[in-house]
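Quick one, structure for this:
(chains A and B)
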Amino acid sequence: MEYNFIEIEKKWQKYWSDNKTFKAENLSEKPKYFVLDMFPYPSGAGLHVGHPLGYIASDIYSRYKRLKGFNVLHPMGYDAYGLPAEQYAIQTGQHPAITTEKNIARYREQLDKIGFSFDWDREVRTSDPNYYKWTQWVFIQLFNSWYDKKSDKAAPISQLIETFKSEGNSNIEAATSQIDIFSANDWNSFSEKEQQMILMNYRLTYLADSMVNWCPELGTVLANDEVTDGVSVRGGFPVERKSMKQWSLRITAYAERLFAGLDGLDWTDSIKEIQRNWIGKSEGALVSFKIKGNENPLDVFTTRPDTIFGVSYMAMAPEHELVSQITSSEKKTAVEKYIIESKNRSDRERMADVKRISGEFTGAYAIHPFTGKEIEIWIADYVLAGYGTGAVMAVPAHDSRDYAFANHFKIPFVEVISGGDISVEAYEAKDGIVINSDFINGMKVKDAMKTIINKFVESGIGERRINYRLRDAIFSRQRYWGEPFPIYYKDGIPYPLPESELPLELPEVDKYLPTESGEPPLARAKNWETKEGYPLECNTMPGFAGSSAYYYRYMDSKNPNELVSKEANQYWENVDLYIGGAEHATGHLIYSRFWNKFLFDLGLVCKEEPYKKLINQGMIQGRSNFVYRVKDSNKFVSFNLKKDFETTSMHVDVNIVDNDELNIEEFKKWRPDLADAEFILEDGKYICGVEVEKMSKSLHNVVNPDILVERYGADTLRLYEMFLGPLEQAKPWDTNGIEGVFRFIKKLWRLYHDKENNFLISDEEPNRKELKALHKTIKKIQEDIDRFSFNTSVSTFMICVNELTDLKCNKRSILQDLAIIISPYAPHISEELWSLLGNKGSVGFAKFPEFIPSYLEEENISYPVSFNGKMRFKLELPAEMQVPQIEKAVMEFEDIDKWLEGKQPKKIIVVHKKIINIVL
RNA sequence: GCGGAUGUGGCGUAAUUGGUAGCCGCGCUAGACUUAGGAUCUAGUGUCGAGAGACGUGGGGGUUCGAGUCCCUUCAUCCGUACCA
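So this is what the prediction gives:
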């Protein structure tokens, strides 16, 4: 064997681990760089080739940054709490901690084989008490804080209490669900319980009855980002709306800062756009309509105050609290029936037929604030209780939903913005002239909005308002395998544990199921109470709790006294480069931005945003292979012959297919029923069909990195993962191509060795060609890494090695630099070559060679000569020849007559050192 | 519906600022060495055409001396989102 990757890779992995080569120091003269991967949930299935893609990219970047003189923090850990381990525990009784431990061990083994330069001394696990102590600690800080809109930041709740004592709440501007105003006297006369209930409306994490996504199958509530299309993201179980008392995070307090902060981030536009949509900022006005014969006003939020004269009816959500008050007696039965109906329609059904229009007239009327006209008030389930005020002023002429509703129920309406044809559809554009609208007639939409809002304010019926779609995040889960809340109850009022009692460790339970009375699993724990005997909270925290500030723990992972020390945080600041999947766009990436801003407000960390630059690696798709069974037989027909038969296709394990040719012997062994299968072959082969699908066990297209490492080595796997295509693009995995990269690695090795595989290097001075090959590579690799284009660097290395092989170059001064620049990509072989070259220590801390432009300069330029833009021939001319001489030279060129076709050129365009174009 | 992304050989892709379209691989074809090859090496490989050459970056149009790249328009695929007033 010429290049023994098995031995060499093992050797260097051991060296790195024994010497703690990649241990990062918190204090260093070097500039810092923090490269973070989204830490994995260690699932039982282990890693497939898609998982390490991002880790390889971040590892290349980390190693490159070290070569460039940076002190690099590149840690790894585990998002160890999660549903699969708990579901497994429910089925088997095995403690989720054991399952998790086992899965982590397997992940670690797989990761180690790929040769990552992680600083494992800083490993974190979210389920480790030393870690979740700080998750609980942050929760307590949230509990003890409120959001002061005047200073636009979080502030201690103790300070709020002082204000209440001295002046009540009338001067407080907070992000709050508190509506009632009270004086200092009121406050001081309230009971402890009353005071605590009021404070709950201010705390940044609060316990409240809210409409939640309840998933009966999982026995828990889920956050909005954990639900898609009415089913749970994990498991795909149905989810229903239900009102429950739950902990929530008042993330809405930060809506504007989360929105505005996106502008300064070096993230892709697409992910910023997803976050903007999720936050859903819309500007408009809050308008108060009087209700005929009722004291309470009907408040609506609208983004189109300019269309106020086009209001033809009002619509409220069926859940709106005023519905029962205003419904007339003769409409009562119908309205109640409608409310029950819409309640029973699950979210899923509602989504399935959006087109179904339904509603009911309440018999009540609102009064138009300007015209005084009476307007029918309807209830309709197209109005969402959770958005705005849960009621809308309907302007059918200029809103398509109102338009559909009005037409369905034959409610008349008027056009108030010109420019559309409202006999056909609603005209929604904010473009046109206002008509039929009294004092704003003739105005442009924009001006009309301003005028109307000013009028609202003047007459006290409305105000400017910015509304957000973002909801507070439900933070309770009725599950076992998660962080316990550091909360106990006294007289039914929640209080935080003293910080000295953290961590509050997850207790043992006899079963991982809810109690008979429907309480969460922690209610099964013995003595689940404080030492004073107060009961502890039985819910646990959700998956995103432990991942919201984990990057700070990496900075100072062993610190028992602080989340992160001031010094460590001052040095590492925040994450310079974050690589992970785009599926976290609305979950983790928003929550951790929120936690970070909160910690920043408290002065605990020095940066307001956690992740400066974010890259989303594309999904690696599976490449499925198919065999075709002839109907009613155990005969399989090869792909190109199947058209002559009636067949059914069947997924076949891609690991027994090579280059789409089925390994028939392996296939027969694959499943017992296939042992006596027969085959109809083409050219003596069975050719399989191919399709690109998701990589999944059930589709038999999962490729395991371990097998590839065994067969080709980690360096080959790393290079091939990068070679597949641009990091951010989704692309199918096709093991076939890996051979090419494997050949390249062997070819690289041979540059440094003679035919008998003896290390052989010459100390001769390199020639121009060799220097050019090297320096053009140095230049390209730097540029590629700077723009995260790792696939193109791999081809660049191939070109370089091909050229040096052709030049028969074995000169130290070339090959030593080559070993350095390739080391981020293929670290094992580089270490070996580096040490064979006689260097001490790891190549990981060598100096990246400097690019010298003069080596790329040429005496002659080979100009492509085009006629009307079509390249016809090449002309070699001295590089310093100036444009007029070039024009002359090209016209004197012997072959030119053939292309001129006897014409005189209209124009000759010369781009110096680039191209010549002759216009005929 | 809305938002985002992507369309280039048989396949994965390259062309960073408008300047030789198809780099680097896979696969395929032929050959060398070999008992053998899933080893190694050499040559070829966008399409049509015997050739000269013509045509070619999803389709149509435009700007330009010159367009894969810029503009308009249209189609297809994938992802996200869902009555957000």
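
what about stretch A:788-807 and RNA strand B, any contact?
Yes: residues of stretch A:788-807 are located near RNA strand B by CB under 7 Å from any atom of the strand, namely A:Ser789, A:Asn791, A:Thr792, A:Val794, A:Ser795, A:Met798, A:Ile799, A:Asn802. All C-beta atoms are positioned from the backbone trio N, CA, C, and that covers glycine.

Spatially, which residue comes closest to A:His368, not counting chain neighbours?
A:Ile375 (5.9 Å; CB to CB, 6 or more residues apart in numbering).

Spit out the contact partners of the one you found.
A:Ile375 is in contact with A:Phe289, A:Val311, A:Ser312, A:Tyr313, A:Met314, A:Tyr365, A:Ala366, A:Ile367, A:His368, counting by CB atoms under 8 Å, 6 or more residues apart in numbering.

Look at it and give its secondary structure.
With DSSP: H, G, I helix; E, B strand; the rest coil as the basis, the three-state label of A:Ile375 is strand.

got a pLDDT number for the residue nearest to A:Gly580 when sequence neighbours are not counted?
Nearest in space to A:Gly580, with sequence neighbours left out and distances taken as CB to CB, 6+ apart, is A:Met38 at 3.0 Å. For A:Met38, the pLDDT comes out at 94.

Just to check, A:Met38 is in contact with A:Leu53?
No: A:Met38 is beyond contact range of A:Leu53, at 11.8 Å (criterion: CB atoms under 8 Å).

Enumerate the residues of the stretch 501-650 of chain A near RNA strand B.
A:Ala582, A:Glu583, A:Ala585, A:Thr586.

What's the local residue count around the residue of chain A found nearest RNA strand B?
Nearest to RNA strand B in chain A, going by CB to the nearest atom of the strand, is A:Gly740, at a distance of 2.3 Å. Using other CB atoms under 10 Å, A:Gly740 has 14 other residues around it.

Distance of it relative to A:Arg623?
16 Å (CB to CB, to the nearest Å).

which stretches of the stretch 401-550 of chain A have low pLDDT?
Regions of the stretch 401-550 of chain A meeting the criterion pLDDT under 70 are absent.

Which stretches in it count as helices?
Ranges of helices within the stretch 401-550 of chain A are A:445-459, A:543-547, A:550-555, based on DSSP state H, counting those that start in this stretch.

quick one, what contacts the nearest residue in space to A:Val416 that is not next to it in sequence?
Nearest in space to A:Val416, with sequence neighbours left out and distances taken as CB to CB, 6+ apart, is A:Gly310 at 3.7 Å. A:Gly310 makes contact with A:Val395, A:Pro396, A:Ala397, A:His398, A:Phe413, A:Val414, A:Glu415, A:Val416, A:Ile417, A:Asn436, A:Ser437, according to CB under 8 Å, 6+ apart.

Now render those residues as CSV, adding distance to A:Tyr855 and neighbour count.
Conversion of the contacts of A:Gly310 to CSV gives the following (distance: CB to CB, whole Å; neighbours: other CB atoms under 10 Å):
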residue, distance to A:Tyr855, neighbour count
A:Val395, 70, 27
A:Pro396, 72, 25
A:Ala397, 71, 23
A:His398, 66, 24
A:Phe413, 75, 20
A:Val414, 76, 15
A:Glu415, 72, 22
A:Val416, 71, 26
A:Ile417, 66, 27
A:Asn436, 76, 14
A:Ser437, 73, 23
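
circling back to that earlier point, can I get the buried part of the residues of the stretch 501-650 of chain A next to RNA strand B as one PyMOL selection?
To isolate the buried subset of these in PyMOL, counting by 16 or more other CB atoms under 10 Å, use the following:
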select buried, chain A and resi 582+585+586
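
one step back: report the two of the contacts of A:Ile375 separated the most.
A:Ser312 and A:Ile367 (14.0 Å; CB to CB).

Of the two, give the one with the bigger neighbour count.
The neighbour comparison of A:Ser312 against A:Ile367 (other CB under 10 Å) goes to A:Ser312, with 19 against 16.

Per-residue pLDDT of that one, please?
Reading off the model, A:Ser312 has pLDDT 94.

Excluding sequence neighbours, find me the nearest residue to it.
Per CB to CB, 6+ apart, closest to A:Ser312 is A:Phe413, 3.9 Å.

same question, A:Leu298
Using CB to CB, 6+ apart and skipping the chain neighbours, the partner closest in space to A:Leu298 is A:Phe289 (4.6 Å).

Which helix or strand contains that neighbour?
strand A:281-291 (DSSP states H and E).

starting at the chain centroid, how far to that strand?
Relative to the centre of its chain, strand A:281-291 is centred 34 Å away, using CA atoms, centre = their mean, to the nearest Å.
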